[in-house]
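# turn this into a model:
(one chain, ligands or ions: 2)
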Amino acid sequence: MQFKVIENRNMTAQDDEKDVYFIRLTYEEPADYDAGDWLLVESQNRPDLVDFVLQLLGLSGDEMIEVRRVGERTVRDALRENYELTQLNPAILNRMQREYDLDQWADRDAMMAYADGRDIVDLLQAFPQLQSLGAEFCKMLSPLSPRYYSIASSQKSAAAQSYAGRMVDLVYKKIAYHKEGRDRLGVATYQLSDLKVGDVIEGDFCANKVFKLPEDLAHNKQPLIMVGAGTGIAPYIGFMEEIAYEHPQHFANTWLFFGETREQTCFLCQDQLQSWEAQGFHLLTAFSRDQAEKVYVQDLLWQHREDVWAQLEAGGIFYLCGDKTKMAKDVEQTMKRILVEVGKIEDPDLVWKEWRRARKVQSDVY
Ligand SMILES: Cc1cc2nc3c(=O)[nH]c(=O)nc-3n(C[C@H](O)[C@H](O)[C@H](O)COP(=O)(O)OP(=O)(O)OC[C@H]3O[C@@H](n4cnc5c(N)ncnc54)[C@H](O)[C@@H]3O)c2cc1C
Ligand SMILES: NC(=O)c1ccc[n+]([C@@H]2O[C@H](COP(=O)([O-])OP(=O)(O)OC[C@H]3O[C@@H](n4cnc5c(N)ncnc54)[C@H](OP(=O)(O)O)[C@@H]3O)[C@@H](O)[C@H]2O)c1
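Numbering: from 1, shown residues only. Ligands and ions are numbered 1, 2, ... in the order given. Sure, this is the predicted structure:
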């Protein structure tokens, strides 16, 4: 599907080390999404990165190769549109090790550790013998995947009505950093950050059935506890838009625990959140770098543990969105501590597992 850019702006202050953007897209094709779903964004590798890979492989780019499930293409087109270059899949290392008799990595964990934070150029530079494979090397590459983005809007919102519902917002962090003498730019987010009003991108909706507002909010008072850090704010904006439009009375039963680095420079969606707060929803923020000791969302949950437990006991749903590797694990640990110390639950692992199964706990972590 095609999506047209209506707005694309940096939400973080110019002097902040991270760039988080808000993008609004419209579309013509009839398609519905629910708050909590994802948009899959297609992208292409940058021409300068493709040129660098071609140069390392000693190719002009006009050579023809067979791309699996696509057909014959020039190497240049294939490197631009069909293969991952900015990420290094450990499966490539496994294949290299097998087929080229390398004895470099002891096991899969070692391969994963090596691949983390490296790209295809790193690999070609570290193992120059691969460069002589020329076009054959491309056959080892992984297919270029669309990137997932949590939708930060609802079709049932005041803003969406201006576009007959055919509007979708995202919140994305631009990946751009310098390492070992080279700029590393995320294939999707760098391309997104460069888009101007009127530009068109390709993408598709993808349903996320396990991260949803409860049905029938008009008639139930089920508390909603939303927890997220960084771009993890995205799906909650969709949830809140829908609540604001259809069930504003439910704001009183809605809590958001939001974490970012600094209030001055990184308070994502601040105006929107504060205007909803003025209508009665409970906004709690943890700005980790605004004081000597770090404060994270799980610290807020612990501070408000009696309330959090009371809302869960009253049938509340617990949502978690954002970083999978650190935040999600630490939040889960804090919640289990609350279950034990406030809820007097003996086996919090079992209860948490049951709550996940019953969708009382829902997560969108990455
Ligand atoms: C279910 C799901 C939902 C998601 N929702 C969102 C969302 O709402 N907003 C959002 O911004 N992202 C979201 N993501 C992440 C998103 O899909 C991309 O992975 C991310 O934007 C990077 O894509 P890229 O193509 O720009 O970077 P790539 O080209 O894939 O990245 C290049 C390299 O940069 C490094 N890198 C990747 N991500 C980061 C990062 N965040 N910070 C620092 N270094 C990094 C890695 O080493 C990576 O190999 C979601 C992911 C999933 C799976
Ligand atoms: N692949 C990678 O290399 C990589 C690296 C970073 C992020 N990411 C991905 O990008 C996503 C969004 O990044 P982002 O910059 O928007 O958000 P983020 O990195 O998750 O940071 C948002 C907030 O979370 C805080 N935080 C750090 N560790 C935490 C923890 N253990 N528990 C709770 N909060 C914690 C951060 O504090 P401080 O920063 O002050 O500690 C910051 O205030 C993440 O969800 C993650 O999946 C990927």
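
# what mean pLDDT does the top strand by length along the chain get?
Taking DSSP state E as the criterion, the chain has its longest strand at strand 2-10. Mean pLDDT, strand 2-10: 98.

# that one and ligand 2 in contact?
No: contact of strand 2-10 with ligand 2 is not found when judged by C-beta under 6 Å from any ligand atom; the minimum separation is 13.3 Å. Bear in mind the C-beta positions are built from the backbone N, C-alpha and C, glycine included.

# okay, that strand in CSV with CA atoms only?
Below are the C-alpha coordinates for strand 2-10, written out as CSV (Å, rounded to 0.1, in the frame of the first residue of the first chain):
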residue,chain,number,x,y,z
GLN,A,2,1.1,3.6,-0.6
PHE,A,3,1.2,6.2,2.2
LYS,A,4,1.6,9.9,1.6
VAL,A,5,3.4,12.1,4.1
ILE,A,6,1.3,14.9,5.6
GLU,A,7,3.6,15.8,8.4
ASN,A,8,7.1,14.7,9.6
ARG,A,9,8.7,16.5,12.5
ASN,A,10,11.4,16.0,15.1
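
# list the contacts of that strand.
Residues outside strand 2-10 that contact it (C-beta atoms under 8 Å, 6 or more residues apart in numbering) are 19-29, 39, 163, 167-168, 192-193, 195-203.

# ok, the helix or strand following it: who's next to it in the sheet?
Downstream of strand 2-10, the next assigned helix or strand under DSSP states H and E is strand 20-26. Applying DSSP bridges, strand 20-26 is found paired with strand 2-10 (antiparallel), strand 167-173 (antiparallel).

# make TSV out of the ones you listed and add distance to Glu81 and mean neighbour count.
Shown next, in TSV, are the strands paired with strand 20-26 (distance: least, C-beta to C-beta, whole Å; neighbours: other C-beta atoms under 10 Å):
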stretch	distance to Glu81	mean neighbour count
strand 2-10	16	16
strand 167-173	21	23
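
# got these as CSV, with distance to ligand 1 columns?
Converted to CSV, those look like this (distance: least, C-beta to the nearest ligand atom, whole Å):
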stretch, distance to ligand 1
strand 2-10, 13
strand 167-173, 4
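
# could you dump those strands to JSON lines with distance to Asn208?
Shown next, in JSON lines, are these (distance: least, C-beta to C-beta, whole Å):
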{"stretch": "strand 2-10", "distance to Asn208": "18"}
{"stretch": "strand 167-173", "distance to Asn208": "14"}
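
# now stretch 350-359: average pLDDT?
So the average pLDDT for stretch 350-359 ends up being 98.

# same check on stretch 26-46?
pLDDT averaged over stretch 26-46 gives 97.

# got the end-to-end distance for it?
25 Å (C-alpha to C-alpha, to the nearest Å).

# show the end-to-end separation of stretch 114-134, please.
Terminal residues of stretch 114-134 lie 23 Å apart, using C-alpha to C-alpha.

# ok, and does it reach over to ligand 1?
Yes: applying C-beta under 6 Å from any ligand atom, one finds stretch 114-134 touching ligand 1 at Gly117.

# how far off centre is that stretch?
27 Å (C-alpha atoms, centre = their mean, to the nearest Å).

# buried stuff in it?
Buried residues in stretch 114-134, counted by 16 or more other C-beta atoms under 10 Å: Tyr114, Ala115, Arg118, Asp119, Ile120, Val121, Asp122, Leu123, Leu124, Leu130, Gln131, Leu133.

# same question for stretch 316-334.
Residues 316-323, 327-328, 331-332, 334 are the ones in stretch 316-334 that count as buried (16+ other C-beta under 10 Å).

# now Ser150: which helix or strand?
Going by DSSP H and E, Ser150 is in strand 147-150.

# which residues touch stretch 115-128?
Stretch 115-128 is contacted by residues 49, 52-53, 56-57, 84-90, 92-93, 96, 102, 130-131, 137, 141, 179-180, 182, 184 when judged by C-beta under 8 Å, 6+ apart.

# so what's the closest residue to ligand 1 within the stretch 151-300 of the chain up against?
The stretch 151-300 of the chain approaches ligand 1 most closely through Gly186 (2.1 Å), counting by C-beta to the nearest ligand atom. Gly186 sits next to Thr86, Lys174, Ile175, Ala176 when contact means C-beta under 8 Å, 6+ apart.

# going through those, which ones are buried?
Among the contacts of Gly186, the ones that count as buried by 16+ other C-beta under 10 Å are Thr86, Lys174, Ile175.

# make a PyMOL selection of the buried ones in the contacts of strand 2-10.
Only the buried entries of these go into this PyMOL selection, using 16+ other C-beta under 10 Å:
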select buried, resi 19+20+21+22+23+24+25+26+27+39+167+168+192+193+195+201+203
